[in-house]
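[1] Build the 3D model from these lines:
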Amino acid sequence: MNHTGPRHELAPRRTAFLFDLDGTLVDSVYQHVLAWREALIEAGIDLAVWTIHRKIGMSGGLMANAVLRETGRAVTPEKAKELKDLHKEAYGRLSGQVRPLPGAKDLLNYLSDADVPWAIATSGGVASAGPTLEMLDVPEGVPIVTRDEVSHAKPDPDLFLAAAEKLGVSMDDAVVVGDSVWDLLAARRARALGVGLLAGGYGQEELERAGAYRVYQDPADLLTHLDEVGVRAE
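    Coordinates of the predicted model:
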């Protein structure tokens, strides 16, 4: 049977991007690693640097708990807070070394110019994230979600869910971009597509195993492949 009634074209669905911050848009992972190393030494805990790196991307509280468990120390709220405070102090001294990753500003500017919605969701607190966001020249009105605003940080999905809500988009239309397995596990739990970047030090296979359906070197590499993740030039 031929259908002779009027045909209604569906509006195209627009992809929205939810970005992690450290290791995804700014080159800060190793400053965080060294800050945690300094905090642990001050607290009398000896842990190899590579072990610390494997946990970067978690919230500070989860990181402290994981480190204490691994070293056999009692996981008390007081000890976890001490480590978080020591890390914050040490990172403050190292944060002047942090720079945007290659292509980060160009990528964000391109998305803004193309009217593609995007937001940033970081496991860091507002105090540490503020100066970093200034480096990226984030336009006014772009949603920023920090650890202070949600109940649980990565690998829980709360940060990305809150960012999508601020953008007014469904997670079905969201692409989470992150550099760690914790970002991608959170993306899976939020039921969003995950894109991994190698800029934070995790390997391609690790990121793919955690749920990345595409992996790129850094923001510059992602920018040249945006058509692969649903953004096409008009």
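
[2] Excluding sequence neighbours, find me the nearest residue to residue 80.
    Nearest non-adjacent residue to residue 80, counting by CB to CB, 6 or more residues apart in numbering: residue 64, 4.0 Å away. Just so you know, the C-beta spots here come from the backbone N, C-alpha and C atoms, and that holds for glycine as well.

[3] wait, isn't that neighbour in contact with residue 76?
    No - using CB atoms under 8 Å as the test, residue 64 is too far from residue 76 to be in contact (10.2 Å).

[4] ok, residue 119 - how many residues close by?
    Neighbour count of residue 119, defined by other CB atoms under 10 Å: 23.

[5] contacts for whichever helix in the chain runs longest?
    Identified as the longest helix of the chain according to DSSP state H is helix 77-94. Contact with helix 77-94 is made by 31-32, 34-36, 38-40, 42-43, 60-61, 63-65, 67-68, 73, 125, 127-128, as judged by CB atoms under 8 Å, 6 or more residues apart in numbering.

[6] So among these, which ones count as buried?
    31-32, 34-36, 38-40, 43, 60-61, 63-65, 67-68, 125, 128 (16 or more other CB atoms under 10 Å).

[7] Check which residues of the helix or strand harbouring residue 164 are buried.
    Element membership for residue 164, per DSSP states H and E: helix 158-167. Neighbour counts over helix 158-167 (16+ other CB under 10 Å) mark 158-164, 166-167 as buried.

[8] tell me which strands and helices it is in contact with?
    Applying 3 or more CB pairs under 8 Å, 6 or more residues apart in numbering; DSSP states H and E, we find helix 158-167 packed against strand 16-19, strand 118-121, strand 144-145, strand 174-178, helix 181-189.
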